[in-house]
Structures are given as C-alpha cells and as structure tokens.
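Sequence and computational prediction follow.
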Amino acid sequence: MRAILTIILCLVITTPTLAADHAQFTASVISVADGVTLTVLAKGIQQIKIRLYGIDCPERGREFWSRAKQATSDAVFGKLVTVLPVDTDSDGRTVAVIFMPGGKSLNEHLVREGLAWIYQHCTQENICTPLRSLEKAAKVQKRGMWEDRKSVPEAEWMILPGGGGPTIPGSAPR
C-alpha cells in the first residue's frame, strides 16, 4: 500500500501542469461552479480549474445566473472535453476555450444562446470575432438574457448610477 502511495505521489509531483504550456488537451469535466468556471480532471489525476476565455455570464444572484450554469452543466458535466488554454488569470485559473463532445465551442454555445456576453477587451481575433458575431445575433434574436432590454453585462451593471452591486437578498450594495 505504501509503495502505491509513493508511486502516485511521484506521478503527481513530476507530472507537468498540462495547462501551463498552452497545449491543447482532453479532460473530464468534474464540476461546474457557474456559467464560465469549471473544473476538469486531466490524465485521471490532475484537477485544473478553467475560466472560459473571452466571455462572462451573470454573477450569482443576477437574472440568468442559474440558466447559464445549467447550460454549462448540461453541455459538459461528466463529459470528455478538449481544452485549448489561452492564458492563466490572476486567480491561477487556466483561461481556455472548451470544445464539447462533437467539437463545438462551449464559449460560442453560451454566447449563441444569450447566456453569456463577450468581454470588451477580448483580444485573440480568431476566437473573439466569431463571439462578437454570435453576441450580435443573440441580441437581434432576443435570445436568453437579451430578451429583456434591461440586461447589461456585469461590468456595465457595476457602474450604473445607483444600480451596481449584488442583488442577493440580505446583501449590502457595493
């Protein structure tokens, strides 16, 4: 038993972080925290927290938060996905594009359904250009959160006069 634990420990210590070199890899999705944050298990041993690149979803307590989380769960939870790392954020999460079984982008899927919006400063044009087109179409078609003309991206909502801050019952405004 001790020998098995030693071998596992050596593997964990010597296995390079898959996401660190920005090489594409496959992994199983083992948890979904919200619409754009999930955890994958790579090579059966390495848990990697992923933040979807180029998009954001409503925060907890905001309208469409649960729909965005559910859409992400339905699309990838418990499934084998392909992860294309783009960057690492200040929280140490791998920022990536996730390809669902069948090869379609989860990032694009959420924007297409009106459950996510594109970051204004999305810089990788090969990824961001399609996202911009999908967001525009979702707005025109009034899909998801765009069915309500009052829906605004989180960054804009936070600076609205008298409107910013969480809407969670019992929480103080920011």
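Okay, I see it. Since this is a predicted model, take the numbers as computed values, not measurements.

give me the element residue 138 is part of.
In this assignment (DSSP states H and E), residue 138 forms part of helix 125-140.

so what does that helix touch, helix or strand wise?
helix 106-112, strand 117-118 (3 or more CB pairs under 8 Å, 6 or more residues apart in numbering; DSSP states H and E). Yep, even glycine has a C-beta here, placed from its N, CA and C like the rest.

looking at these, which is closest to residue 138?
helix 106-112 (6.2 Å; CB to CB).

Lowest average pLDDT across the helices and strands packed on helix 125-140?
The stretch with the lowest mean pLDDT among the helices and strands packed on helix 125-140 is strand 117-118, at a mean of 93.

Would you mark the buried spots in the helix holding residue 138?
Neighbour counts over helix 125-140 (16 or more other CB atoms under 10 Å) mark 127, 128, 130, 131, 134, 135, 138, 139 as buried.

burial count for residue 59?
Residue 59 is flanked by 16 other residues according to other CB atoms under 10 Å.

go on, residue 40?
For residue 40, the count of nearby residues is 25 (other CB under 10 Å).

Just the pLDDT at the residue nearest the centre of the chain, thanks.
Centroid-nearest residue in the chain, with CA atoms, centre = their mean: residue 36, separated by 2.2 Å. At residue 36, the model reports a pLDDT of 96.
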